[in-house]
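Trainee: Have a look at this prediction, sequence included:
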Amino acid sequence: MKPMIRTTAFSLLSAACLVAATSAQAAASLRIATVAPPGTSFHKHLEDLGAEWQKAPGGGVNINIYPGTQGGESQIVRRMRVNQLQGAMLTAVGLSQIDESVTALQLLPMAFRDWDEVDHVREKLAPQLEDVFEQAGYVVLFWGDAGWVRFFATKPINSIQDLKSMRVFASSGTPKAIALMKEYYTPVELEPDKILLSLRNGMIDAVPIPPFLANFAQVSTKADHMLEMKWAPVVGAMVVTRRAWDGLPAETQKYLLETSRKAGEKIRADSRREDDEAIEAMKNKQGLKVNELSEAALQEWQAEVDKIAPKVRGDIVPAPMFDAVQTALKEYRAK
């Protein structure tokens, strides 16, 4: 082979190797969804996390975020199963479509008194829950929450009897929980984007929703009475499919987990602060009226909730997880 031809061939081979090496290091791309609308703090946190993931070793990871555009959480889970999406930030409602064990953190009305109790129980149960999700084909990157569910209504709620006469929004995807809620009120199953219209046309009278989301969605402009009672925490997690996760190098996985855990801490802190700030904002700007329960009314409400606990255990929340929550709460309160 002549020297010039040999040099040209060597150059072409070197260039091909360089292209192959560069391709191997090219950033992976994941499609991540959330029902949180664009512009919310949850969407912004995902954007911040995406910026961090681009710095990951092994070429980085790009995430395409779909906020509030992929339907309800049940639909998002279905999209992950067919690989249209590779991950999502979901509440326990969506996560329960993967495994019902997670309902123990959210579908227990009036079980938790404050965030310290929620944190304690979640930390106790997290290793077991993460194992369950891994077996189902998903990796939990971080745990988050989104405030306390409170009832926003078109008229005051001063007792559980007031609520029983109302038609109340129910999120699709939890048929057993919806059936049980008939003990308290008339549930009307809707997608979240139909809440405001349904309040306007009288299809529903009340919405159980965390204040930050009620403020963002302008719910209190139509349902201007809020019951000051912590019904249940909105707990969730960000998950990615094992199919997508296993395609990433080990060093990339380690980096994503570390940055995700930090993001989860920030999301929890910010969402709790926003929960309180949203109530004040709605009072000042939208004329929200906050109804406090009397001690007698609160005790009556708790007694009603206690009556259905046996139906929740095993039917809505798997019995072992229900018992694990009760044990963890007793341990924490004993301290």
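Mentor: That came through, no problem.
Trainee: Model confidence score at Thr220, please.
Mentor: Not Thr; residue 220 is Ser. Per-residue pLDDT puts Ser220 at 91.
Trainee: how far away is it from Gln161?
Mentor: Remark: distance between Ser220 and Gln161 (Cβ to Cβ, to the nearest Å) = 23 Å. Yep, even glycine has a C-beta here, placed from its N, CA and C like the rest.
Trainee: May I have the helix or strand where Phe133 lies as CSV, with CA atoms only?
Mentor: Assigned by DSSP states H and E, Phe133 belongs to helix 115-135. The C-alpha coordinates for helix 115-135 follow below in CSV (Å, rounded to 0.1, in the frame of the first residue of the first chain):
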residue,chain,number,x,y,z
TRP,A,115,-45.1,16.0,58.8
ASP,A,116,-42.8,14.5,61.5
GLU,A,117,-45.0,11.4,61.7
VAL,A,118,-45.2,11.2,57.9
ASP,A,119,-41.4,11.4,57.6
HIS,A,120,-40.9,8.7,60.3
VAL,A,121,-43.3,6.2,58.7
ARG,A,122,-42.0,6.8,55.2
GLU,A,123,-38.4,6.3,56.3
LYS,A,124,-39.4,3.1,58.1
LEU,A,125,-41.3,1.7,55.1
ALA,A,126,-39.1,3.1,52.2
PRO,A,127,-36.7,0.2,51.9
GLN,A,128,-39.5,-2.4,51.8
LEU,A,129,-41.5,-0.3,49.3
GLU,A,130,-38.5,0.3,47.1
ASP,A,131,-37.9,-3.4,46.9
VAL,A,132,-41.5,-4.0,45.9
PHE,A,133,-41.2,-1.5,43.1
GLU,A,134,-38.0,-2.9,41.9
GLN,A,135,-39.6,-6.3,41.6
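Trainee: Pull the residues that contact it.
Mentor: 95, 98-99, 101-102, 104-105, 112, 139-140, 143, 145, 233, 235, 239, 242, 272, 321, 324-325, 328-329, 332-333 (Cβ atoms under 8 Å, 6 or more residues apart in numbering).
Trainee: So which residues of this structure form strands?
Mentor: Taking DSSP state E as the criterion, the chain carries its strands at 28-34, 61-67, 87-91, 138-153, 167-171, 186-190, 206-209, 225-241, 289-291.
Trainee: Quick one: closest of those to Gln253.
Mentor: Proximity to Gln253, assessed across the strands of the chain by Cβ to Cβ, is greatest for strand 138-153 (8.4 Å).
Trainee: what's the burial count for Gln128?
Mentor: When neighbours are counted by other Cβ atoms under 10 Å, Gln128 registers 13.
Trainee: quick one: it from Glu100, how far?
Mentor: Taken as Cβ to Cβ, the span from Gln128 to Glu100 is 13 Å.
Trainee: quick one: Pro57 and Met203, what's the gap?
Mentor: Taking Cβ to Cβ, one finds Pro57 at 52 Å from Met203.
Trainee: next one: Lys155
Mentor: 15 Å.
Trainee: Can you go through the contacts of helix 115-135 and name the buried ones?
Mentor: 95, 98-99, 101-102, 104-105, 112, 139-140, 143, 145, 233, 235, 239, 272, 321, 324-325, 328-329 (16 or more other Cβ atoms under 10 Å).
Trainee: which residues touch the residue nearest the centre of the chain?
Mentor: Taking Cα atoms, centre = their mean, the centroid of the chain lies closest to Thr91, which sits 2.4 Å from it. Neighbour list for Thr91: Val35, Glu73, Gln106, Ala146, Val234, Val235, Gly236 [criterion: Cβ under 8 Å, 6+ apart].
Trainee: could I get those as a markdown table with distance to Gln253 and pLDDT?
Mentor: A markdown table is the format used below for the contacts of Thr91 (distance: Cβ to Cβ, whole Å; pLDDT from 0 to 100):
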| residue | distance to Gln253 | pLDDT |
| --- | --- | --- |
| Val35 | 26 | 87 |
| Glu73 | 25 | 87 |
| Gln106 | 28 | 88 |
| Ala146 | 26 | 88 |
| Val234 | 28 | 92 |
| Val235 | 24 | 92 |
| Gly236 | 21 | 92 |
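Trainee: what about burial for the residues you listed, which qualify?
Mentor: Buried among these by 16+ other Cβ under 10 Å: Val35, Glu73, Gln106, Ala146, Val234, Val235, Gly236.
Trainee: Okay, the first one and Leu105: tell me how far apart.
Mentor: Relative to Leu105, Val35 is positioned 18 Å away (criterion: Cβ to Cβ).
Trainee: now the second one
Mentor: Glu73 is 15 Å from Leu105, where distance means Cβ to Cβ.
Trainee: Likewise for the fifth one?
Mentor: Applying Cβ to Cβ, one obtains 10 Å for the distance of Val234 from Leu105.
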